[in-house]
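A.B. asks: how would this look folded up:
(2 chains)
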Protein chains: 2
Amino acid sequence: MGWHGILGFEYGIVQAPLGPDISGPELVAAVANAGGLAFLRAPDWESPDYLRELIRKTRSLTDKPFGVGVVLAFPHEKNINVILEEKVAVLQVYWGDCSVELVTKAHRSGVKIVPQVGSLEEAKKAIDAGVDAIIVQGREAGGHVISQDALISLLPKVVDLVGDRNIIVIAAGGIVDARGYVAALALGAQGVCLGTRFLATEESHAHPTYKRKLVEYDRTEYTDIFGRARWPGAPHRVLKTPFFTDWKSLPVHETEANQPVIGRTTIHDREIEIRRLGGTVPNVTTTGDIESMVLYAGQSVGLIKEILPAAVVVKRLVEGAQLLIKQKFS
Amino acid sequence: MGWHGILGFEYGIVQAPLGPDISGPELVAAVANAGGLAFLRAPDWESPDYLRELIRKTRSLTDKPFGVGVVLAFPHEKNINVILEEKVAVLQVYWGDCSVELVTKAHRSGVKIVPQVGSLEEAKKAIDAGVDAIIVQGREAGGHVISQDALISLLPKVVDLVGDRNIIVIAAGGIVDARGYVAALALGAQGVCLGTRFLATEESHAHPTYKRKLVEYDRTEYTDIFGRARWPGAPHRVLKTPFFTDWKSLPVHETEANQPVIGRTTIHDREIEIRRLGGTVPNVTTTGDIESMVLYAGQSVGLIKEILPAAVVVKRLVEGAQLLIKQKFS
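C.D. replies: Got it, this is the predicted structure:
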């Protein structure tokens, strides 16, 4: 198989923006250096100077291009301005309207723009807005999940919708290894976006206990019990830990707002108290009761057996896909 | 790509037992004649003589081998005895325990046995019981859905669990065309099992209005509102019709038992009244308010654009997969 890459990157392998503050400069640089498209995650509040520092720190670790992901549900205008001023290669946006205005603004700055979508309607809007690529997220994905459809169902429909337009389709959700990569290519994608697999790397900013749980646990559940007060209406997929199992039936009117503080953390440039049932994922700076915090993960987490260097993840995907194609389809 | 077939069949293409009374002799014979593994669906009550007739009628339409599917949640012992006496090629079982005793009994009769499972635990039991193949059903499947995991997540885990044992792994759920077929092969399956796609064929016993809706509608939902009185705890995936949307929030204590009769039908050898919210799918004999009946469908129904002869479905899967592999992976 010849590798064509996507959007100017060597391979069609994308490291999802993991947030907040999990995919930092070290992870992004490692994936970029290995030939993948990697995303920093912008803060979920306006913090242009800090974001500029993040981008520049990443540039000090790699001379390869990379991107930044922005959750449109939170304040983001100043952050986006910095991303465009710094002319990173790709702006990824999620959970909000990828408008014609935003696409035009990105393109004027020479920045490619790639929304992650979870429905055919969102994909239609993205196509009409003139985006460069679309990440199609299936319901099996980890973290915040906008999709209701499994990848095997939604992806081919978006591919058909794109037709012969020059828009790259990237598959996200449940992809962990070369099997998922080749399956996504068969379904019509030109690239794959992996979250949980890159979360479970040496370079991710996830707390060591969180990383260990990704290897230990193999079940997840789609829920809305975490972070309701700050981000209502935002379902997510998490590890089925004992804590989650105890709290999964939290009545809809209860939120983290009236729960005790169970830890502290620094997220991007802010020191934050973590309340029980808060949506704040434990990063490397977090202290407190880590096992009772939200531990986002995709449904295929059971296929992750070890924490690896990010470059090894990329290498295994590429070489594994080549081998699988040779053995199965030649 | 060389086609190896599975379980002695020409291709790795399986027509799911569609029930009750949707995959009858005509559909099964058409798929068998085209080289696929096709399943009759046994009645959901003991009806050995009628089932024997069904098998013999199918044999009058094809000299190729075929199978019978049995839902273990309903009375089935006499039916299974007939299936084994008639020595059909494959016994498929679902929604219940595929015990060592049952496997041994099938093998003594020279009948292969293939459970459909929806979890790693069920797969483990099936492997230990010595089955010939395992159908792995993802949550995107139509009809009654035992799985909580998407196919892309569950399938590779079952493949890893099977390892180098001589057990065929077949993928079910969300597969409609060659893209899904090749994706399933990439994920490690040796065959694919399609329900909705074969439901939408000329030969299926589905009511013409139901078939038309499969082409018209492209959304489904996972629910438990239909057929609760007769088969509680059995979630299913249905077309998101206006009727479904009106009734989807049916309180858990309400069932079809106290609803009005909205139609009549003959299922296998029985004349039956269909109550509103009953679990009885409209077959070709059904009269009444078809659009308010349960219309099972898988999540990829949006990829179905026309009613086709079953042989054309098989042919397109095979030729489409060959072309896709050649274009994408050679």
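A.B. asks: what does chain A have sitting close to chain B?
C.D. replies: When proximity is defined by C-beta under 8 Å from any C-beta of the partner chain, chain A lies next to chain B at A:1, A:120, A:138-140, A:149-153, A:156-157, A:160, A:173-177, A:179-180, A:182-188, A:218, A:298-300, A:302-303, A:324-325, A:328-330. C-beta here means a position set from N, CA and C on the backbone, and glycine is covered the same way.
A.B. asks: Quick check: PyMOL command selecting the buried ones in those residues.
C.D. replies: Buried members of the residues of chain A next to chain B, defined by 16 or more other C-beta atoms under 10 Å in any protein chain shown, are picked up in PyMOL with:
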select buried, chain A and resi 1+120+138+139+140+149+150+151+152+153+156+157+173+174+175+176+177+179+180+182+183+184+185+186+187+188+218+298+299+300+302+303+324+325+328+329
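A.B. asks: Give me the subset of the residues of chain A next to chain B lying in strands.
C.D. replies: Among those, none falls in strands (DSSP state E).
A.B. asks: Let me see the ranges of the strands in chain A.
C.D. replies: Assigned by DSSP E, the strands in chain A fall at A:13-15, A:37-41, A:67-71, A:90-94, A:112-117, A:133-137, A:143-144, A:168-172, A:191-194, A:220-223, A:236-239, A:261-267, A:270-275, A:287-288.
A.B. asks: Relative to the longest one, what are the paired strands and their orientations?
C.D. replies: Using DSSP bridges, the strands paired with strand A:261-267 are strand A:270-275 (antiparallel), strand A:287-288 (antiparallel).
A.B. asks: same question, the fifth one
C.D. replies: When pairs are called by DSSP bridges, strand A:112-117 turns out to pair with strand A:90-94 (parallel), strand A:133-137 (parallel).
A.B. asks: out of those, deepest packed?
C.D. replies: strand A:133-137 (a mean of 28; mean count of other C-beta atoms under 10 Å in any protein chain shown).
A.B. asks: got the contact list for that strand?
C.D. replies: Applying C-beta atoms under 8 Å, 6 or more residues apart in numbering or on different chains, the contact partners of strand A:133-137 are A:6-7, A:14, A:92, A:112, A:114-118, A:123, A:126-127, A:145-147, A:151, A:154-155, A:158, A:162, A:167-173, A:189, A:191, A:193.
A.B. asks: still on that earlier bit, redo the strands paired with strand A:261-267 as a markdown table? Include mean pLDDT.
C.D. replies: Output for those, formatted as a markdown table (pLDDT from 0 to 100):
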| stretch | mean pLDDT |
| --- | --- |
| strand A:270-275 | 97 |
| strand A:287-288 | 98 |
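A.B. asks: Single out the most deeply packed of those strands.
C.D. replies: When the strands paired with strand A:261-267 are scored by mean count of other C-beta under 10 Å, the highest mean neighbour count falls to strand A:270-275 (a mean of 16).
A.B. asks: What lies in contact with that strand?
C.D. replies: For strand A:270-275, contacts defined as C-beta under 8 Å, 6+ apart pick out A:43, A:45, A:256-257, A:259-266, A:280, A:282, A:286, A:288, A:293.
A.B. asks: Could you do stretch A:217-235 as well?
C.D. replies: Stretch A:217-235 is contacted from outside by A:73, A:95, A:139, A:142, A:144-145, A:236-241, A:244, A:247-248, A:250, A:254-257, A:277-280, A:294, A:297-299, A:301-302, B:120, B:157, using C-beta under 8 Å, 6+ apart.
A.B. asks: Emit the ChimeraX select command for whichever of those are buried.
C.D. replies: Buried members of the contacts of stretch A:217-235, defined by 16+ other C-beta under 10 Å, are picked up in ChimeraX with:
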select /A:95,139,142,144,145,236,237,238,239,240,241,244,247,250,255,256,277,278,279,280,294,297,298,299,301,302 /B:120,157
